[in-house]
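S.K.: Got a predicted structure plus its sequence, pasted below:
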Amino acid sequence: MPLTPDHARLLNSLLATLTAEEALWISGYLAGFASQPRLPQAATSADIDAPLVILYGSETGHAEGLARRAEELAQAGGLAVRRVAMADFRPQDMRAVRRLLVLTSTHGEGDPPEPAVDFYEFLQGRKAPRLEGVKFAVLGLGDSSYEHFCQTAKDIDHRLEELGAERIHARAECDVDFERTAVPWLDAALTAFARESRAGAGAPAAELAPQHAATLQLFDQNRPFPATILDSLVLNGRGSDKETRHIELSLAGSGLAWEPGDSLGVVPENDPALVADIISALELKADEPVPVGAEVVPLVQALTRGYEITTLSRAFIERYAAAADAEKLRALNGTDLWGYMAGRQILDVVTEFPVRGLGSRDFVAMLRPLQPRLYSVASSPAAYPEEAHLTVAVVRYESRGRTRRGVASTFLADSRGIDQSVPVYVSSNKNFRLPADPTTPIIMIGPGTGVAPFRSFVQQREVSAATGRNWLFFGARRFRTDFLYQTEWQRWLKDGRLTRMDVAFSREQGERIYVQHRLLECSREIYAWLEDGACVYVCGDGERMAKDVQAALADVVASEGGKNGEQAQEYLRELQRQRRYQRDVY
């Protein structure tokens, strides 16, 4: 019999109530229905009634990419799927969920990614519904060099269980080399969902065949494009204590596509001098073969191109402490551990706790893969086809008696010159986009190199002849030496493309003045722009600047809109929901 017992009972109950005429109509309707394209046979009735909801919270796009991969894999295994961003997930939708796969990154010091804040706060709040009968699994993406590693995923996983949901597969926490953990975890978690689904439908359990998402562009993080450096200029004036580079790259022939607001991922190499110091400190052989992914290369090449050799992580400390038999390192935990790691790098640890006889393979097994660095594209593809401009703050400083150098920034500034190539790829940022309506006014807040995407924004609006007003807030240390792209902003002000520009130079007077102070000084005008539909964009330091700007905007809304503190914050949250308040902070 082709019907399940439950379906047969339902059909018989319906037939018992029909007249002859109604039964005839039903038979014709079903005949027509049967001739229409049907769902794949593997999609059972249980799948249709309760699809797997793949819910993702993404800041840089990694969680979103994994969500797409999970969707393809689940569909290939016959599961009905609904993939949705946390920003688009309505609280009332939670009551209908029966199967839930959560993929989320953690931003900053344990915070949810920007687009996921509303969902996270709803789930943690008193209005979250009971979830008995819900099956779930959670995957976290993070960086173990931060104290609150994968904290958002931990919080969501714990809260789902607290609300009565049943964990169908154990939570996984992925470090910066997330694919190594995420891909097999997805296979296992989705297989568990498929088994549960088929068991509920009375069908035999089956394994999901491993699938891999299609690549949308020819070049990506694993296959970067060799972009040629066309120009590299120091933007700061003589006497500045900053070094900021404007770097122009040729992407001709790459086929890479991007929009204003996107970033360029730079795949750097480590400083050769630092590589040599680590090899010397550990008394290793530079030419000894070691693994890097699926390859085997000489140690010096592996430490130059394959592994992270600057930033400390908790995992490295633990592994090296065991190898060095260092009781002091083993005893570090909590606040003491993070206090020890502050200002230190791997070279400091291996020098302070020398170990003899450590093999090269054992050492690289303690390290994380070298990760790309993301830079906001500072040019519009409409204004500069097949080029991408970057605004790079070159990092050099002294700590614990050693000179420190930013991995990617000094790679771009020192190791690569004009006509040399840099491996790059496009990192899309859908959460930092110009408004679709070209008449919409925009307010841009970008101190320091945070101004980079706004150069792209204004270029794009100039080329497209957008009529919306443009207001820029820029901050730096000194007017004479640190006013990045000064002549361009002045030209745009003169021709009316830039409606208004307010600047804050913190070291020009005794009192420190920052962009948030300028916002408060322009309180009435800012609120008028917001009420007129303006979009607000913030780019730059997420640890202090973005929080201070958020507080200033809340003060503006409270004072000019006659609202209390909570109402002002809700006003800003509503702007975020409408995509009218977007932040690209790091």
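M.R.: Looks like it arrived, so ask away. Residues are numbered from 1 along each chain as shown.

S.K.: In the stretch 101-250 of the chain, mark out all the strands, start to finish.
M.R.: 135-141, 166-167, 172-174, 225-234, 244-250 (DSSP state E, counting those that start in this stretch).

S.K.: how distant is the second one from the center of its chain?
M.R.: Using Cα atoms, centre = their mean, to the nearest Å, we find the averaged C-alpha position of strand 166-167 to lie 27 Å away from the chain's own average C-alpha position.

S.K.: packing partners for it?
M.R.: In terms of contacts (3 or more Cβ pairs under 8 Å, 6 or more residues apart in numbering; DSSP states H and E), strand 166-167 is packed against strand 135-141, helix 151-162. C-betas here are computed from N, CA, C, even on glycine.

S.K.: out of these, deepest packed?
M.R.: strand 135-141 (a mean of 26; mean count of other Cβ atoms under 10 Å).

S.K.: Just checking: what are the partner strands of that strand?
M.R.: According to DSSP bridges, strand 135-141 forms sheet pairs with strand 99-105 (parallel), strand 166-167 (parallel), strand 172-174 (parallel).

S.K.: what's it in contact with?
M.R.: 62-63, 66, 98-106, 150, 152-154, 156-157, 160, 165-174, 178, 182, 185-186, 189, 192-193, 196 (Cβ atoms under 8 Å, 6 or more residues apart in numbering).

S.K.: Give me the angle between that strand and helix 151-162.
M.R.: Going by axes from the mean of the first three to the mean of the last three Cα atoms, to 10 degrees, strand 135-141 is angled at 170 degrees with respect to helix 151-162.

S.K.: looking only at pLDDT, what's the mean for strand 135-141?
M.R.: Averaging pLDDT along strand 135-141 gives 96.

S.K.: could you dump it to PDB, C-alpha only?
M.R.: Extracted C-alpha coordinates of strand 135-141, given in PDB (Å, rounded to 0.1, in the frame of the first residue of the first chain):
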ATOM      1  CA  LYS A 135      16.300  18.500  18.000                       C
ATOM      2  CA  PHE A 136      19.400  20.700  17.600                       C
ATOM      3  CA  ALA A 137      23.100  20.900  16.900                       C
ATOM      4  CA  VAL A 138      25.400  23.900  17.200                       C
ATOM      5  CA  LEU A 139      28.700  24.800  15.500                       C
ATOM      6  CA  GLY A 140      30.800  27.700  16.700                       C
ATOM      7  CA  LEU A 141      33.500  29.600  14.700                       C
END
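
S.K.: For it, what is the distance to the chain centroid?
M.R.: For strand 135-141 - counting by Cα atoms, centre = their mean - the centre lies 17 Å from the chain centre.

S.K.: Stretch 456-472 too?
M.R.: On Cα atoms, centre = their mean, the centre of stretch 456-472 falls 26 Å from the chain's centre.

S.K.: will you turn the strands of the stretch 101-250 of the chain into TSV that also has distance to Ala393?
M.R.: Formatted as TSV, the strands of the stretch 101-250 of the chain follow (distance: least, Cβ to Cβ, whole Å):
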stretch	distance to Ala393
strand 135-141	25
strand 166-167	43
strand 172-174	28
strand 225-234	11
strand 244-250	5
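
S.K.: which of the ones you listed is buried the deepest?
M.R.: Buried most deeply of the strands of the stretch 101-250 of the chain, by mean count of other Cβ under 10 Å, is strand 135-141, with a mean of 26.

S.K.: Return the members of the contacts of strand 135-141 classed as buried.
M.R.: Neighbour counting with 16 or more other Cβ atoms under 10 Å marks 62-63, 66, 98-106, 150, 152-154, 156-157, 160, 165, 168-169, 171-174, 178, 182, 185-186, 189, 192-193, 196 as buried within these.

S.K.: quick revisit: want to throw the strands paired with strand 135-141 into CSV with mean pLDDT and distance to Leu374?
M.R.: Listed next are these as CSV, based on pLDDT from 0 to 100; distance: least, Cβ to Cβ, whole Å:
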stretch, mean pLDDT, distance to Leu374
strand 99-105, 96, 13
strand 166-167, 96, 33
strand 172-174, 93, 18
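
S.K.: Redo these as TSV? Include distance to Arg507.
M.R.: Formatted as TSV, those follow (distance: least, Cβ to Cβ, whole Å):
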stretch	distance to Arg507
strand 99-105	35
strand 166-167	53
strand 172-174	41
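
S.K.: so what's Val84 bridging to?
M.R.: Beta-bridge partners, per DSSP bridges, of Val84: Leu55.

S.K.: What is the burial count for it?
M.R.: A count of nearby residues for Val84, using other Cβ atoms under 10 Å, gives 15.

S.K.: and it, what is it in contact with?
M.R.: Val53, Ile54, Leu55, Tyr56.

S.K.: With just CA atoms, put stretch 531-542 into CSV.
M.R.: C-alpha atoms of stretch 531-542 as CSV (Å, rounded to 0.1, in the frame of the first residue of the first chain):
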residue,chain,number,x,y,z
GLU,A,531,14.4,61.1,10.7
ASP,A,532,14.8,61.8,7.0
GLY,A,533,15.7,58.2,6.4
ALA,A,534,19.5,58.4,6.5
CYS,A,535,21.7,55.2,6.8
VAL,A,536,24.6,55.2,9.3
TYR,A,537,27.8,53.4,8.7
VAL,A,538,30.6,52.8,11.2
CYS,A,539,34.0,51.3,10.3
GLY,A,540,37.1,50.8,12.3
ASP,A,541,38.2,49.8,15.8
GLY,A,542,35.5,47.7,17.5
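
S.K.: quick check: angle from the lengthiest helix in the chain to strand 99-105?
M.R.: As assigned by DSSP state H, the longest helix anywhere in the chain is helix 179-200. Interaxial angle, helix 179-200 versus strand 99-105 (the same axes, to 10 degrees): 170 degrees.

S.K.: who does helix 179-200 touch, helix- and strand-wise?
M.R.: So helix 179-200, by 3+ Cβ pairs under 8 Å, 6+ apart, packs with helix 45-49, strand 52-57, helix 62-76, strand 99-105, strand 135-141, strand 172-174.

S.K.: List the contacts of the host helix or strand of Ile443.
M.R.: Using DSSP states H and E, Ile443 sits within strand 442-445. Strand 442-445 has contacts (Cβ under 8 Å, 6+ apart) with 434-435, 451, 454, 457, 468-473, 515, 519, 526, 529, 534-540, 549.

S.K.: For the helix or strand following it, enumerate the helices and strands it packs against.
M.R.: Scanning forward in sequence from strand 442-445 by DSSP H and E, the next helix or strand is helix 452-463. With contacts taken as 3+ Cβ pairs under 8 Å, 6+ apart, helix 452-463 sits against strand 373-376, strand 387-393, strand 442-445, strand 470-476, helix 486-495, strand 535-540.

S.K.: ok, and for helix 452-463, which residues are buried?
M.R.: Those would be Ala452, Pro453, Phe454, Arg455, Ser456, Phe457, Val458, Gln459, Gln460, Arg461, Glu462, for helix 452-463 by 16+ other Cβ under 10 Å.

S.K.: Report the beta-bridge partner residues of the residue lying closest to Cys522 once chain neighbours are set aside.
M.R.: Closest residue in space to Cys522, ignoring its immediate chain neighbours: Asp502 at 6.3 Å, by Cβ to Cβ, 6 or more residues apart in numbering. In this entry, Asp502 is beta-bridged to Phe473, by DSSP bridges.

S.K.: I figured Asp502 hits Glu525, correct?
M.R.: No - in this structure, Asp502 is not within contact of Glu525 by Cβ atoms under 8 Å, at 9.7 Å.

S.K.: Low-confidence stretches in this protein?
M.R.: For the chain, applying pLDDT under 70 flags the ranges 1-49, 198-218.

S.K.: Can you spell out the domain ranges of it, please?
M.R.: Per automatic domain parsing, the structural domains of the chain span 45-200, 225-268+372-427, 272-364, 442-585.
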